[in-house]
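Peer 1: After the sequence you'll find the predicted model.
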Amino acid sequence: MITENPEALADMLVSGTFSHPLMVSTLTEMASRGETPREVAALATAFRRAAVPVRTHHAAILDMCGTGGASFRTFNVSSIASLVVSSLGVPVAKHGNRSNRGCGSADFFESIGARLSLSPEEAGTSLDELDFAFLFAPSFHPAMRHAVPVRKEISTRTVFNMLGPLLNPVDARRRQLIGVYSPRLLDLFPPVLSSMGVERALIVHGRPGMDEVSVLGPTAAVLVNGDRTERFLIDPREMGLYHPVPGDVGELTPALSASTAYEILGGRRGARRDMVVLNAACGLLAFGAVKDLDMGVRRCEAAIDSGRAMARMNEYIARTRRSISS
């Protein structure tokens, strides 16, 4: 069985030297029984090794990214929250892509007027000077072109639906906030992250089935710190951030996501702001910038109310519109 050697499977996928029918049947079989941590780590490591690297002077960076594929789809929470976190001096390299049927992070950044396709040098300079860069996944992962025909033929979820948060191409120590589409992945991801050298991460799955930290109900969380893991629940009621109406935080079109970002960062209060604040606070905790979520919430609310987060978004849009290398 080819899955007895997932590293060889990964090498074939990255190089494009595989039998298409065999790869379809192999990935389908893996998905039907549930992928192992070794299989996920092997593919993620191989594709990350083949990525175009982004250099930075930061010793460590934060990525805030979900797997996608959740049963409850939200507006672009992690994208807006990543700008809040960056405005507090934490370097954020937000890695993402477009959505096939909604508004992915790339669709969001394009809708607010940012240029998507930054060169590795432009992205690195933005990260160094502004503590923020959006990394449009297709620009940094040319090897993924080999997997596209296979993914299109398989209609169900495969290991590729887990890889997005694992492929950040920045050459620095990584810390991450990762939302996952299934509670099962709360057990699968910690050994994967440890084997890939991610030094600290917060993995979350929020009710009612979202790859974000939820204001609609409790969120199951696993904090990974080196080889140690800590499980806990994040309850929005305990922080005064609970909102009971699912429609208040549901997915929006790219245009509405852009206007929502300006409303939230402009100070408008409500469920969407609280969702961004809670996720940004978790980003600070994942990076190790705060000792607990209460402190993180206070800092993120202050970043919005002072106008710092709005300024960071506008600075990033302006930077991407001019040639950084000129």
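Peer 2: Arrived safely, thanks for sending.
Peer 1: Please count neighbours and contacts with C-alpha atoms only from this point.
Peer 2: Fine.
Peer 1: how about the helices in the chain?
Peer 2: Here the chain has its helices, by DSSP state H, at 6-15, 20-33, 37-49, 77-86, 105-111, 120-130, 137-140, 148-153, 160-163, 185-195, 254-265, 271-287, 293-305, 308-321.
Peer 1: and the fourth one, what other elements does it pack with?
Peer 2: Going back to what we said before, that points to helix 77-86. strand 60-66, strand 92-96, helix 271-287, helix 293-305, helix 308-321 (3 or more CA pairs under 8 Å, 6 or more residues apart in numbering; DSSP states H and E).
Peer 1: 6 Å - rerun?
Peer 2: Judged by 3 or more CA pairs under 6 Å, 6 or more residues apart in numbering; DSSP states H and E, helix 77-86 is in contact with helix 271-287.
Peer 1: Please pull out the lowest mean pLDDT helix or strand from this structure.
Peer 2: Here the helix or strand of the chain ranked lowest by mean pLDDT, DSSP states H and E is helix 148-153, holding a mean of 87.
Peer 1: Only alpha carbons, please: show it as PDB.
Peer 2: Extracted in PDB, the C-alpha atoms of helix 148-153 (Å, rounded to 0.1, in the frame of the first residue of the first chain):
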ATOM      1  CA  VAL A 148      -5.400  20.500  -8.800                       C
ATOM      2  CA  PRO A 149      -6.800  17.900 -11.300                       C
ATOM      3  CA  VAL A 150      -6.800  15.300  -8.500                       C
ATOM      4  CA  ARG A 151      -8.700  17.600  -6.100                       C
ATOM      5  CA  LYS A 152     -11.300  18.500  -8.800                       C
ATOM      6  CA  GLU A 153     -12.100  14.800  -9.400                       C
END
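Peer 1: Show me what counts as buried in that helix.
Peer 2: Neighbour counts over helix 148-153 (16 or more other CA atoms under 10 Å) mark 150, 151 as buried.
Peer 1: same question, stretch 210-228
Peer 2: Within stretch 210-228, the residues that count as buried by 16+ other CA under 10 Å are 210-226.
Peer 1: contact partners of it?
Peer 2: Contact with stretch 210-228 is made by 66, 70, 72, 179-181, 199-207, 229-236, 242-244, 275, 279, as judged by CA atoms under 6 Å, 6 or more residues apart in numbering.
Peer 1: starting at the chain centroid, how far to the least confident helix or strand of the chain?
Peer 2: In terms of CA atoms, centre = their mean, to the nearest Å, the centre of helix 148-153 is found 22 Å from the chain centre.
Peer 1: Any idea which of the helices of the chain has the lowest pLDDT on average?
Peer 2: For the helices of the chain, mean pLDDT drops lowest on helix 148-153, to a mean of 87.
Peer 1: helices and strands around that helix, which ones?
Peer 2: Helix 148-153 sits against no helix or strand, with contacts defined as 3+ CA pairs under 6 Å, 6+ apart.
Peer 1: Strands of the stretch 101-250 of the chain, residue ranges please.
Peer 2: Remark: strands assigned in the stretch 101-250 of the chain by DSSP state E, counting those that start in this stretch are 132-136, 173-179, 200-206, 219-225, 228-234.
Peer 1: Run me through the strand neighbours of the last one, direction for each.
Peer 2: The strands that strand 228-234 pairs with in its sheet are strand 219-225 (antiparallel) (by DSSP bridges).
Peer 1: Give me the mean pLDDT for the strand it pairs with.
Peer 2: Averaged across strand 219-225, pLDDT comes to 97.
Peer 1: try stretch 93-100
Peer 2: Mean per-residue pLDDT for stretch 93-100: 92.
Peer 1: residues contacting the residue nearest the centre of the chain?
Peer 2: Centroid check for the chain by CA atoms, centre = their mean gives residue 65 as the closest residue, at 0.8 Å. For residue 65, the contacting residues are 165, 178, by CA under 6 Å, 6+ apart.
Peer 1: Ok, residue 293 next?
Peer 2: residue 281.
Peer 1: Tell me the spacing between it and residue 114.
Peer 2: Distance of residue 293 to residue 114, computed by CA to CA, to the nearest Å: 30 Å.
Peer 1: go on, residue 135?
Peer 2: The gap separating residue 135 from residue 114 is 12 Å, by CA to CA.
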